[in-house]
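Colleague: sequence? don't have it. structure:
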């Protein structure tokens with residue numbers, strides 16, 4: 001598994017750079033999934049929120065699953081106010097719980 005920790009006040013350049021690093025690591029190491037620890041993040045802006053959602057979709061296209069860990073109440077409120085849709089992104093209160101989620105087999109998809 002790949003674990004990425006986001007600093008408390010990420011700027012746009014750092015967020016975009018981190019996204020590129022995650023994708024390179026997905027290609028190189030072929031992990032089952034990504035734990036994105038945002039427990040240090042206190043505020044959420046639209047660029048960060050959109051990039052997190054995009055990164056998760058990209059990880060999914062590369063065969064992995066993403067769990068966002070450690071969302072603070074202020075981040076949850078901002079995500080709701082921004083109408084951020086996480087789609088199939090899993091969330092967990094802690095990194096330990098995120099690792100548990102990624103260790104479990106993925107849910108079976110229903111056939112149409």
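Modeller: Cool, the structure landed. All values derive from a computational prediction rather than experimental measurement.

Colleague: neighbours around residue 82, how many?
Modeller: 14 (other CB atoms under 10 Å). To be clear about C-beta, it is placed using only N, CA and C from the backbone, and glycine gets the same treatment.

Colleague: how near is it to residue 44?
Modeller: Remark: distance between residue 82 and residue 44 (CB to CB, to the nearest Å) = 7 Å.

Colleague: so residue 91, which of the three states?
Modeller: strand (DSSP: H, G, I helix; E, B strand; the rest coil).

Colleague: with residue 34 instead?
Modeller: Assignment for residue 34 (three-state DSSP): strand.

Colleague: who are the neighbours in contact with it?
Modeller: 1-4, 22, 26, 55-56, 59, 64-67 (CB atoms under 8 Å, 6 or more residues apart in numbering).

Colleague: for it, name its beta-bridge partners.
Modeller: Beta-bridge partners recorded for residue 34 (DSSP bridges): residue 2, residue 66.

Colleague: how about the strands in the protein?
Modeller: Ranges of strands in the chain, per DSSP state E, are 2-5, 33-37, 65-69, 90-92.

Colleague: now the angle between strand 65-69 and the least confident helix or strand in the chain by mean pLDDT, please.
Modeller: Ranked by mean pLDDT, DSSP states H and E, the weakest helix or strand in the chain is helix 73-81, scoring a mean of 90. Helix 73-81 runs at 130 degrees relative to strand 65-69, counting by axes from the mean of the first three to the mean of the last three CA atoms, to 10 degrees.
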